[in-house]
Structure formats: structure tokens, C-alpha cells
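1. Predicted model follows, preceded by the sequence.
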Amino acid sequence: MRFISQPKWARFFIFAKKVEMSWIRSDFKKYLAQTSPDPLMFHPVRGEGVYFFDQSGKKYLDLISGISVSALGQGHSRVKKAVEAQLEKYTHTMVYGEFILTPQLELARLVLSTVPESLDNIYFVNSGSEAVEGAIKLAFKYTGRRELIACKNAYHGSTTGALSLMSDEYYSGGYKPLLPNVQYIDFNSVDSLVAITENTAAVFVETVQGEAGYLPADKEFMTALRKRCSETGCLLVLDEIQAGMGRTGKFWAFEHYGIVPDILLTAKGFGGGLPLGAFIARREVMSALSDKPILGHITTFGGNPLSCAASMATIEEILEGELHLGAVAKGEMFKARLREYGLDKVSGMGLMLGVNCGDFSVSQRMVKRCLEKGLITDWFLYETGKLRICPPLIISEQQIHEACEIIGASYAEIRKSDH
């Protein structure tokens, strides 16, 4: 009997798969607007927990959660059941704020139970950028002022108003004119707070700067910032679009500092994997959007019932399972293991870490090599020599070890090739 190593049908199947993949890759670049000249072209077909799988069945550990989005990973049973249950009832009915939608009301009650009593009103939107835009309008309308202040190297989104808060001309210069009367202060510099005056409508600050490489605010800075905003009558807006939802070891990152913002922004992980954001304030402030003009801020899909159902299931799972408390120990575990591979410069809090591995050339190669080895990571817009670590909160100790081994091996290989 003759031994045949690979039947013709198998060879044809492999050839057909290669042709299909070629078409997919070609059509991706042909039909979808591109945001960079060299996309990673990773093609997941299924997700489960902290893993993705490609067409060949290869497994990839997700170390970035879609940039802090998938707090419970992929396909969490509680989230799926909540979305499926709501899907059986209804999806969309009317623009936000006109009809009483139970998923919105239940989620509002739950979210507001996690923040100080003074933050008693919530406005649901679709994304982080929209939360920023809503907060800008609210600050203008409530204070009657038109000056905004943001921190250097901050990232608040890419819509026009949010982009106006970005100090880096490389990202904003091509879209000017943007909003006027925007000033930039140094993050964690108490001395720079003198720029906040009675002309300032609002100060926008990330509790943990995201694209600067996951840099937490200093307690002294946050205390002085809160005091200065109160003295001048401007609104303190804390952007927790990446840092909220338990990622830093508290459910909200501002809880680390003993202060309360006037407006709190959330999105990304807030939607449980679906599009959802919000800005939260006290009723007196939020009421400024309800008249002169009526419907002073409108969104069609903000607070979509499916997204609200996913959000509620996610928040309940985090709180009941105390996943936010586990984030600190898991973050320390990452740091300890990475030190074993010579990667000892790690910034951040909890499961929101930036790993300094050199310059942009190194981090780019690290991202690609890690992907080849079955690990999804990323770099930062400003601190381009760092790798991003913000995995689902459900990541296990074994999976942390697995991730660090891949990062360490990739780093060693790149260092060896550079010498």
C-alpha cells in the first residue's frame, strides 16, 4: 500500500484557504478606510475569555482588551444573556431622553450608586469622544465661559472638540481651525495650575494619562487641582474613559485621590464590549442642557438598550466578583515577572501598565513579534517606546506568566538582533 503524505483534496483545501486569505487582505485595504500605512492585519474569527483565535485555530492572548474595552474578555456568559434577553424585547425606540427605557434607568441607578452623592445625573452617549463633546458643551452652557484647559500629552478623542484638547500639533495641526481659547498645562505640575482663572469654563484631566504611557496623576496635583477649580468656579472634568471600570484597583480611579470631579467621563469598558459612553454630573449642572435651547444636547443611539444591558451585566460582575480589587495584585505580578526579563521600567496602576522597552523601532518590532508568538499588545501615541498592558480583568495568574514569557522572549530576541 502506497503512503501518501498529503491527499490532493488536502492540498487543494490549503491552496483555497491561501487564496481566500489573499482576497480578504486585499479587500480590507481596498474597501475599509485606512488609519495607518502599515496595519497589523490580524484577522480574528472567534473570541473566548482572554483569547482570540484566527482562521487556522491559532490562539492569541489579548493583552490590551481592544484598548481597555473588554473588561470581561470575549463572550462572557452574563453579558451574552443580558444582551440576548434585551434583544427579545426591543432595540431602538427614540432619541435619548424622550422615552422611558428600562435598561437606561436601571443602568443609571447602578452607575450612580458607585459614585459620590453629588454626582447624581447621567447622560448616555455612544463613545468616549462623544462624552468629551457633551462635557465641553455642558461646561460652556453652565458657566457661560469659553476657555478650556487640558494637560499636555493628553488624549481625549479625535472628534473636533476633543481634538482641540490635544496639545500635540502632529495629531491636531492638520485639522485646524479647532476650538479657540484652549490652554495646556503640565500634567502633575502644581505650579502650572495658576493658568486656571475666573475665565476658565472647565479643566479636562485624565486621572491616568492614557497615550502618554499610562502615567497616574500625583495625589498632590489632584488635591491642588480640585482646590483651584473650586476657587475659580470652573468645572473639573475627569476623563476616566480608559481608567474607569475597575482597571486601577478602585472602581473609579479618582477614588485613589480623595477628591470628587464636577463631571466624570466614562466609555470603553463601560459598554461591556458594545458602544456606550456617558458623562456624569450633579443635577444642577446637567439641567443646563434642557432649556435655552430645549434639547440642548441630542444623541440618537446614546444609551442603546442592548449596550445598557451589556454595561449593567459587566458592572455587576466586576462589583460582585471584586475584580477591581484583584487588579492591583495582578498588576504587581506583571511587574515582578517582567523584571526577570530586564523590563523594570513599568508605569501605571493596577492592570493599566506601560512597559518601557526602548524606542519606537523596538516597540513596533515587539508588537509584531509578540503577535507572531500569540500575544496581542500595542504601543502608545506619545510614549511610542512603551508596550501597553491592559488585559481583561479576568486574566489569571497562569495567563500573566504566559504573557510575560512571550514579552520577555520577544525582547531578548530583538536585543540580540540589535547587537
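-> Perfect, thanks for sending it. Numbers count the residues shown, from 1 in each chain.

2. Residue 324 and residue 314, how far apart?
-> Residue 324 sits at a distance of 12 Å from residue 314 (criterion: C-beta to C-beta, to the nearest Å). Yep, even glycine has a C-beta here, placed from its N, CA and C like the rest.

3. which of the two has more neighbours?
-> For residue 324 versus residue 314, neighbours defined as other C-beta atoms under 10 Å are more numerous around residue 314 (28 against 23).

4. sec struct for that one, please.
-> Assigned with DSSP: H, G, I helix; E, B strand; the rest coil, residue 314 falls in the helix class.

5. Quick check: which ranges of the stretch 1-150 of the chain have low pLDDT?
-> Low-confidence segments of the stretch 1-150 of the chain (pLDDT under 70): 1-21.

6. Need the residues that contact the lengthiest strand in the chain.
-> Looking across the chain with DSSP state E, the single longest strand is strand 200-206. Applying C-beta atoms under 8 Å, 6 or more residues apart in numbering, the external contacts of strand 200-206 come out as 132, 135-136, 139-140, 143, 145-151, 154-156, 165, 185, 187, 196, 217, 225, 229, 232, 234-240, 242-243, 262-263.

7. try it again with 6 Å
-> Strand 200-206 has contacts (C-beta atoms under 6 Å, 6 or more residues apart in numbering) with 139-140, 143, 145, 147-151, 154, 165, 196, 229, 234-237, 239.

8. any idea of the mean pLDDT for stretch 267-274?
-> Here stretch 267-274 scores 97 as its mean pLDDT.

9. how does the chain divide up, domain by domain?
-> Listed by automatic domain parsing, the domain ranges of the chain are 28-74+323-418, 77-321.

10. so which of those is the most packed in?
-> domain 77-321 (a mean of 20; mean count of other C-beta atoms under 10 Å).

11. how much distance is there from that domain to the middle of the chain?
-> On the basis of C-alpha atoms, centre = their mean, to the nearest Å, domain 77-321 sits 12 Å off its chain's mean C-alpha point.

12. need the helices for the stretch 101-250 of the chain, in chain order.
-> Assigned by DSSP state H, counting those that start in this stretch, the stretch 101-250 of the chain shows helices spanning 102-112, 128-143, 160-164, 169-172, 219-232.

13. Switch the ones you listed over to TSV; also include distance to residue 72.
-> Listed next are the helices of the stretch 101-250 of the chain as TSV, based on distance: least, C-beta to C-beta, whole Å:
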stretch	distance to residue 72
helix 102-112	16
helix 128-143	19
helix 160-164	27
helix 169-172	31
helix 219-232	29
